[in-house]
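>>> Here is the input, now give the coordinates:
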Amino acid sequence: MVFQDYALWPHMTASGNVAFAVRRLGLSRSASRTRTMEMLERVGLGELGDRYPNQLSGGEQQRVALARALGSGGRLLLCDEPLSNLDAHLRERIRVEISTLCRESGTTVVYITHDQQEAFALADRVGVMHQGRVLQLDTPETVHRMPKDAFVASFTGLAGSVAGQVVGVGAPPQVEVQSGPFRLQATAPCPLQGSVAVSLLLRPDALSLVDPGHPSLQLRGVVKDVSFRAGGYDHVVDLAGGERLTGVRASQRHERGGNVGLLVEAAGCLAFARHGSDLGHFEPGAEPPPESGTGARL
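Presented below is the predicted three-dimensional model:
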């Protein structure tokens, strides 16, 4: 197990902590030392093996704990948010190491995280939990594209939601929804009947910003904020109906206060009934509770 709070033995060095687990494999002393150093090298701590936990940063201690777990040769590994204390560049490196080492050895990993990107990047199967219950357990693609309820859809990443009413039902799971003056093509993970009031939950990657005079725009709003991130711009857009969309990505900057139109892809426009069991465990527009988590099983 890789504990969230490290759980290193303070009287042992980094290499001593790792070697304690490695010795359980019954290797020779020389082979044990080699594997211990190999594990420390894999997590970027080859030069810090002689340091004690109190001489290491939190991120370094977490990497020692990870090396100790991986070095034990176990067939089942439980990771409790093992990358939460790492810098972004280290987090990606160690994520790749976890995936590579476990797949090479055939180890099964139960990986707990609140980071949806981390879960989807690592997992063969993702489970979304709420209040002690698994709401959905499926492939990352299915959880993202066809969430079983509104809570799962929201927890796995939304720009926001708008209200509407079903005005047409196509080949499942396609529906047509009227939202104010606009008609949108949407995906209904749960079957919907005509004239049902729905909430349209919008994925950020389903939204495109266009000129407010665009002939095919499906929503209209005003840019509230804009920030530069990784070669592009993330926009916050307040819609005419008062709803707010966040994380609307564009390659070009749209200035604050400017009017914009939006195009919406049906695959990332998820329709759920606003009343009844189809709404699931989440009221659109609210934030998921902090104790919720995403469990990813490799």
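
>>> how many other residues sit next to Leu263?
Leu263 is flanked by 15 other residues according to other C-beta atoms under 10 Å. Using the backbone N, CA and C atoms, a C-beta is placed for each residue, glycine as well.

>>> oh sorry, the question was meant for Tyr111
A count of nearby residues for Tyr111, using other C-beta under 10 Å, gives 26.

>>> likewise the one 5 residues further on?
Using other C-beta under 10 Å, Gln116 has 18 neighbouring residues.

>>> I'd like the distance between it and Leu25.
To Leu25, Gln116 is 35 Å away according to C-beta to C-beta, to the nearest Å.

>>> Counting by contacts, list what the helix ranked longest in the chain packs against.
Under DSSP state H, the helix in the chain containing the largest number of residues is helix 88-105. Judged by 3 or more C-beta pairs under 8 Å, 6 or more residues apart in numbering; DSSP states H and E, helix 88-105 is in contact with helix 58-71, strand 108-113, helix 116-122.

>>> Taking their axis directions, the first one and helix 88-105 sit at what angle?
Between helix 58-71 and helix 88-105, the angle formed by their directions is 0 degrees, by axes from the mean of the first three to the mean of the last three C-alpha atoms, to 10 degrees.

>>> which secondary structure elements does the helix or strand that helix 58-71 is followed by contact?
In the C-terminal direction, the helix or strand that comes right after helix 58-71 (DSSP states H and E) is strand 76-80. Packing partners of strand 76-80 (3+ C-beta pairs under 8 Å, 6+ apart): helix 58-71, strand 108-113.

>>> right, so of the helices and strands packed on helix 88-105, which gets closest to Arg253?
In terms of C-beta to C-beta, the element of those nearest to Arg253 is helix 116-122, at 23.9 Å.

>>> list the helices and strands the closest one packs on?
Helix 116-122 makes packing contacts with helix 88-105, strand 108-113, helix 140-145, strand 293-297 when contacts are defined by 3+ C-beta pairs under 8 Å, 6+ apart.

>>> thinking again about what came up before, out of the helices and strands packed on helix 88-105, which is the most enclosed?
helix 58-71 (a mean of 24; mean count of other C-beta atoms under 10 Å).
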